[in-house]
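Peer 1: Next input, structure requested:
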Amino acid sequence: MIRKYYLISQQPGLHPLPRTIDWNKGVDKTFLTERLSYKQPMLSSVLVEKSDMIEIIYPDILFIDYIPVLSEKVLEILKIYEPAMIVKQVNLIEGAGEDIKPYHIPILKEVDCLSEKTIFKCGRQIDKGVLTKKNIPDFSIFKIAGEIDKDRVIVRADFAESFLKRRLKGITLRSLEVI
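Peer 2: Numbers count the residues shown, from 1 in each chain. Presented below is the predicted three-dimensional model:
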């Protein structure tokens with residue numbers, strides 16, 4: 001049986017999203033790998049620009065520096081499908097600390113599963129994603145190994161359906177072909 005997979009991304013046109021001020025101080029993306037995740041603290045805090053004009057939208061998945069940052073709702077789903085996955089918490093702090101939004105960074109396994117039939121645009125952005133079935137492990141969520149610009153997180157269909165059933169906001173799914 002061939003399973004379906006989707007490239008997950010943030011919904012385009014969703015504004016205003018939180019703009020982090022000191023992301024690299026709180027989160028070192030070189031430590032967001034299985035091998036080095038022990039160097040990233042279990043809890044980090046990152047300041048977010050406060051807007052007095054308009055309320056900031058906090059979607060269920062944010063991508064900051066192409067890193068998926070998950071809301072509490074998504075974390076609950078993740079724990080069902082990948083209970084052993086390492087997850088780091090990052091609090092997004094708006095203003096002088098009066099509004100704190102807890103988010104979570106999963107330490108995703110990198111998988112080399114893109115087929116040569118994948119079509120790219122604008123450098124290494126996936127236009128039409130094609131996965132090689134024999135290289136896909138039994139994970140519900142993982143990221144594509146290698147140099148990929150922008151979206152590179154893949155979710156299995158059952159995991160994606162859980163998102164849809166819970167009406168998570170700010171998420172876009174693009175179907176991938178499996179050969």
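Peer 1: use CA for all of it now, contacts and neighbours both
Peer 2: Noted.
Peer 1: Quick check: phi and psi on S162?
Peer 2: Note on S162: its backbone torsions stand at phi -60, psi -40 [degrees, to the nearest 10].
Peer 1: Skipping adjacent residues, who's closest to W23 in space?
Peer 2: Of all residues beyond its chain neighbours, the one nearest W23 is V46 (5.7 Å), with distances taken as Cα to Cα, 6 or more residues apart in numbering.
Peer 1: thinking in terms of the whole chain, how far from its middle is the helix or strand hosting that neighbour?
Peer 2: According to DSSP states H and E, V46 maps onto strand 43-48. From the chain centre to the centre of strand 43-48 is a distance of 17 Å (Cα atoms, centre = their mean, to the nearest Å).
Peer 1: what sits up against the helix or strand following it?
Peer 2: Later in the chain than strand 43-48, the nearest helix or strand by DSSP H and E is strand 61-64. If you take Cα atoms under 8 Å, 6 or more residues apart in numbering as the criterion, strand 61-64 is touched by S9, Q10, P68, V69, L70, S71, V74, K169, G170, I171.
Peer 1: repeat for stretch 158-171
Peer 2: Contacts of stretch 158-171 (Cα under 8 Å, 6+ apart): 6, 8-11, 14, 59-61, 73-74, 77, 81, 140-141, 173.
Peer 1: likewise stretch 20-31?
Peer 2: Contacts to stretch 20-31, defined as Cα under 8 Å, 6+ apart, come from residues 36-40, 44-49, 67, 92.
Peer 1: distance between the ends of it?
Peer 2: Terminal residues of stretch 20-31 lie 19 Å apart, using Cα to Cα, to the nearest Å.
Peer 1: same question, stretch 147-154
Peer 2: For stretch 147-154, the first-to-last residue distance is 15 Å (Cα to Cα).
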